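[1] Would you be able to build a 3D model of this:
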Amino acid sequence: MAKVFAITWLAAASLWLTACEEPKEIGLTPTTPVGVYYTDTFTVRTSTVLLDSVQTDRTGRLLIGRYTDPTFGSLTARAFATVDLGTLPNINSVKLDSDVICDSVKLIVDYRLAYGDTTKPQTVTVHRLSQELDSTRRYTTASPAPQFEAQPLATLQILSGPTTTGTSIVSNLSKSLGEELLGLLKGEGSTRFNFRKAFKGLAFIPGSGNTSVVSLGASGGTGIILYYRKPDATTAQSISLIIDPVTYRASAFSQVTSNRTGTPLAALTSTQPLSLTAGGGQTYVQGVTGVTTRIELPTVAELKKQGPVAINRADLIITPTGTASGTSQPFYLTLGERDASNQLAYTMQSTTRRYHFVQTSVGAFLRGPQSWTSPQSSVIGAENRNAFTFDVSGYLQSLLMDFRPNNGLVVVPLSSPSIVTTTQSGIPVYQAQSVINNQLTATTLGPKSVRLVVFYTRQTQ
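    A predicted model of the protein is given here:
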């Protein structure tokens, strides 16, 4: 058995790379001598960038409130949503008996969590939309607010904080509204399409004195419950009219505006990134606002100069240095390719948007929509203490083979690791949109927070 691994000094142009031998006994000597190398000295360059089009519709969360932090600045969030027919034997229409009467009607809000100062009650007024949302368009944080009625249907006082996470908040609505809604559903009944046009939806507006941003579930737990009965009945039945854009492809989005004046991010724009130095020795990530860290690997191309290279294993390790006041580290992260216009790259497959997330490593991947089916998510501490770890072997190999452009990666916080294709209501849906751009978790990264560790094989002669 012959040792087939060796060390060679790299050319002066490749002094950025430090390699050391990992000798093994692996069987027959190959006809072409090869060596297996390890390095953790790749140049990794980070900067803070601002994505200028952050899509917030169909995320399964609504953000409402006001938030201030000395690092990330102040933020105001309002939410607007279509109210849909709930899950029924026939999900596309409802037809109730013509003689039923309204018993009562209630608004139910699925409170999830809050960001910011949660010591005070937060006021949210709920209004009726007077302008229909367009289910065929994609709404972003910068989309204009639809028109809504000035008089609120309900005013909620939400006591934020972890002790109330996952609870439902219920408020009575006027019986006249219940009678109007019931009138749409009884007799000839209503289709889903006609109901959306007649009752255009709800607006959630924060009070002027609010100190936190609350997150409401928008996957069936928030909406209107209509109670009705026969004239001679003593027990009421109910029907749920829900906000669930993930399942029913309706519209629901959060409009978010930020003011970073006087913060380390004051100079950041969608066309003006901040270098590590300009950011005070830090780069930044903040969920829904589009503030994120770009990771560049400028010296990967140097490997090509050494001849054919196979990536055995490559780990990109991200170790946060801090977060923001009133929030927490993202629990999950993914890495997305940045396109030439400073956006999160994606391709369309029919009506499905497939984001170019770093894939589970099964070899080099190509450019077609069929390639973006196994995105990676990383949980903090799973492989390295207090760090997020990504296997970027396939991504790195794809760069070396010119299958992927080396435009850099951006950090994307997730609210769930479930970002794979699924089927809802018979429609294949790429799940990424439901778990990105729906939270205000934040992180900061220092000069040595991002490290690339690579084992690779190359020809030695």
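
[2] Every contact and neighbour count from this point should use C-alpha atoms.
    Will do.

[3] now the end-to-end length of stretch 119-137.
    38 Å (C-alpha to C-alpha, to the nearest Å).

[4] quick one: what helix or strand has residue 385 in it?
    Secondary structure from DSSP states H and E places residue 385 outside every helix and strand.

[5] contacting residues around residue 177?
    residue 105 (C-alpha atoms under 8 Å, 6 or more residues apart in numbering).

[6] what about it, is that helix, strand or coil?
    helix (DSSP: H, G, I helix; E, B strand; the rest coil).

[7] got a pLDDT number for it?
    Residue 177 carries a pLDDT value of 97.

[8] Tell me the spacing between it and residue 107.
    Relative to residue 107, and taking C-alpha to C-alpha, residue 177 is found at 11 Å.

[9] where does the stretch 351-461 of the chain dip in pLDDT?
    Scanning the stretch 351-461 of the chain for pLDDT under 70 picks out the ranges 351, 421-431, 461.

[10] can you give me the strands for it?
    Assigned strands in the stretch 351-461 of the chain, in chain order: 352-355, 378-379, 388-391, 409-414, 421-424, 427-430, 442-445, 450-459 (criterion: DSSP state E, counting those that start in this stretch).

[11] could you say which helix or strand contains residue 157?
    Per DSSP H and E: residue 157 is located in strand 154-159.

[12] Domain parsing of this protein, as residue ranges.
    39-52+266-459, 73-259 (automatic domain parsing).

[13] how close does the nearest residue to residue 218 once chain neighbours are set aside get to residue 221?
    Spatial nearest neighbour of residue 218, chain neighbours left out: residue 60 (4.4 Å); criterion: C-alpha to C-alpha, 6 or more residues apart in numbering. Residue 60 sits 10 Å away from residue 221, going by C-alpha to C-alpha.

[14] okay, these two: which has more neighbours?
    residue 60 (27 against 21; other C-alpha atoms under 10 Å).

[15] is it true that that one touches residue 245?
    Yes. Look at residue 60 against residue 245 with C-alpha atoms under 8 Å: they come within range, at 6.9 Å.

[16] Overlap in contacts, those two.
    By C-alpha under 8 Å, 6+ apart, residue 60 and residue 245 have these common neighbours: 218-219.

[17] From the contact counts, what lies against the lengthiest strand in the chain?
    Looking across the chain with DSSP state E, the single longest strand is strand 101-116. In terms of contacts (3 or more C-alpha pairs under 8 Å, 6 or more residues apart in numbering; DSSP states H and E), strand 101-116 is packed against strand 61-69, strand 168-172, helix 175-185, strand 212-217, strand 223-229.

[18] Dump these into a markdown table; add distance to residue 197 as well.
    Formatted as a markdown table, these follow (distance: least, C-alpha to C-alpha, whole Å):
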| stretch | distance to residue 197 |
| --- | --- |
| strand 61-69 | 21 |
| strand 168-172 | 23 |
| helix 175-185 | 11 |
| strand 212-217 | 23 |
| strand 223-229 | 16 |
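
[19] For residue 67, find the nearest of the domains of the chain.
    Of all these, domain 73-259 sits nearest to residue 67, with 4.9 Å by C-alpha to C-alpha.

[20] For the closest one, measure first residue to last.
    6 Å.

[21] try stretch 337-348
    Start-to-end, stretch 337-348 (C-alpha to C-alpha) is 15 Å.

[22] what's in contact with it?
    Contacts of stretch 337-348 (C-alpha under 8 Å, 6+ apart): 50-53, 270, 336, 353-358, 369, 407-410.

[23] at 6 Å instead, please
    51, 354-356, 407-409 (C-alpha atoms under 6 Å, 6 or more residues apart in numbering).

[24] Ok, stretch 253-262 next?
    In contact with stretch 253-262 (C-alpha under 6 Å, 6+ apart) are residues 56-57, 62-63, 73-80, 141, 266.

[25] what do you get if the cut-off is 7 Å, keeping everything else the same?
    56-58, 62-63, 72-81, 139-143, 266 (C-alpha atoms under 7 Å, 6 or more residues apart in numbering).

[26] of these, buried ones?
    56-58, 62-63, 72-81, 139-141, 143 (16 or more other C-alpha atoms under 10 Å).

[27] shouldn't residue 291 be in contact with residue 50?
    Yes. Contact criterion C-alpha atoms under 7 Å: residue 291 and residue 50 qualify, at 4.7 Å.

[28] Give me the nearest residue to residue 391, chain neighbours excluded.
    Nearest one to residue 391, counting by C-alpha to C-alpha, 6+ apart, is residue 315 at 4.7 Å.

[29] Fine by me, we can end here.
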